[in-house]
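> Okay, here's the prediction I keep looking at, along with the sequence it came from:
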Amino acid sequence: MTAETPAPPTDATPPGPGGVGDAWWFVDLSEAVRPGAQARRMILGEPVLVGRTRAGEVFALRDICPHRAAPLSAGRIVAHEGEGETVECPYHGWRFRPDGVCAAIPSLVEGDATDPSRIRVRAYPVVESHGLIFVRAAADPNGRGTPDAAPPTFPGAEGRARRVEVRTVDFGVDAVRAQMGAGDPGRKDGGEAGADAPGWLWAPGKGNARRGPQLTCLTPLEATRTRVTRIRWSGPGRSALDRLFVRRR
């Protein structure tokens, strides 16, 4: 019997559910997450709380309290002296800061040596870009490490450009197949796959002054379910009436 040849070392992130690894995933429009609000979203089969403090900071946490597994998104954002703004669990009132660190356990009695700050819930890197919220979900279930790629930016969707249409459709396929469909080589709109693909497809609308730029975002909700969101901005040649109305489906 001969010894097996060991596999060469690699720094690549192993694929996660649906055949995808680390990426910046679109989760919502910025205006959908108002100050003091939070909502439950799914990424790669994991429940994610996306919230915004009253001070305007966007954050994302694993939507499971480490105490009794209650959904943190069913709780509320509160503020206590010395803690700043925290997410309060609806079950036993444990409070977590936007970075995932536990700030308080109300049931602790005087003399209890438990240090709440040693308890954490997974926090995800999150960023807002052009009025869109992206969450960096690592294939590593423990969320270790820092993002190895910068969040996406979309030249042409800034300044006076205005969103005029948002459409969302869920498909029963994984993100890789969804990306293949969104990035059909037969497209004629100048589509450019993101360097962090799968994740998004950017069509700057070159050569068509009336079309305006279009972004296709893919969000892997589960291993075999992907949400495709298409966002279109006004082009310089579009009418003033077109720019007045924002349509969302």
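The structure has been received and is ready for your questions.
> Residue 106 - how many residues pack around it?
By the measure other Cβ atoms under 10 Å, the count of residues near residue 106 is 10. Yep, even glycine has a C-beta here, placed from its N, CA and C like the rest.
> Could you do residue 83 as well?
By other Cβ under 10 Å, the residues close to residue 83 number 14.
> Ok, residue 112 next?
Neighbour tally, residue 112, other Cβ under 10 Å: 9.
> Specify the local secondary structure of it.
coil (DSSP: H, G, I helix; E, B strand; the rest coil).
> ok, it to residue 105 distance?
9 Å (Cβ to Cβ, to the nearest Å).
> in the protein, what spans have low per-residue confidence?
Along the chain, segments meeting pLDDT under 70 span 1-21, 139-148, 156, 158-161, 182-198, 205-211, 235-249.
> Please, where are all the helices along the protein?
Under the criterion DSSP state H, helices of the chain are mapped to 175-182, 240-244.
> Residue 72 against residue 64, yeah?
Yes - taking Cβ atoms under 8 Å as the definition, residue 72 is a contact partner of residue 64 at 7.1 Å.
> between those two, who's got more neighbours?
Set residue 72 next to residue 64 and count neighbours by other Cβ under 10 Å: residue 72 wins out with 26 against 19.
> show me what contacts that one?
38, 49, 61, 63, 64, 65, 87, 89, 90, 96, 121 (Cβ atoms under 8 Å, 6 or more residues apart in numbering).
> Turn the residues you listed into a markdown table, columns for distance to residue 79.
What follows is those, written out as a markdown table (distance: Cβ to Cβ, whole Å):
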| residue | distance to residue 79 |
| --- | --- |
| 38 | 14 |
| 49 | 17 |
| 61 | 17 |
| 63 | 21 |
| 64 | 23 |
| 65 | 19 |
| 87 | 11 |
| 89 | 16 |
| 90 | 17 |
| 96 | 13 |
| 121 | 18 |
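> Could you single out the nearest of these to residue 128?
Within the contacts of residue 72, the smallest distance to residue 128 is 15.3 Å, found for residue 38 (Cβ to Cβ).
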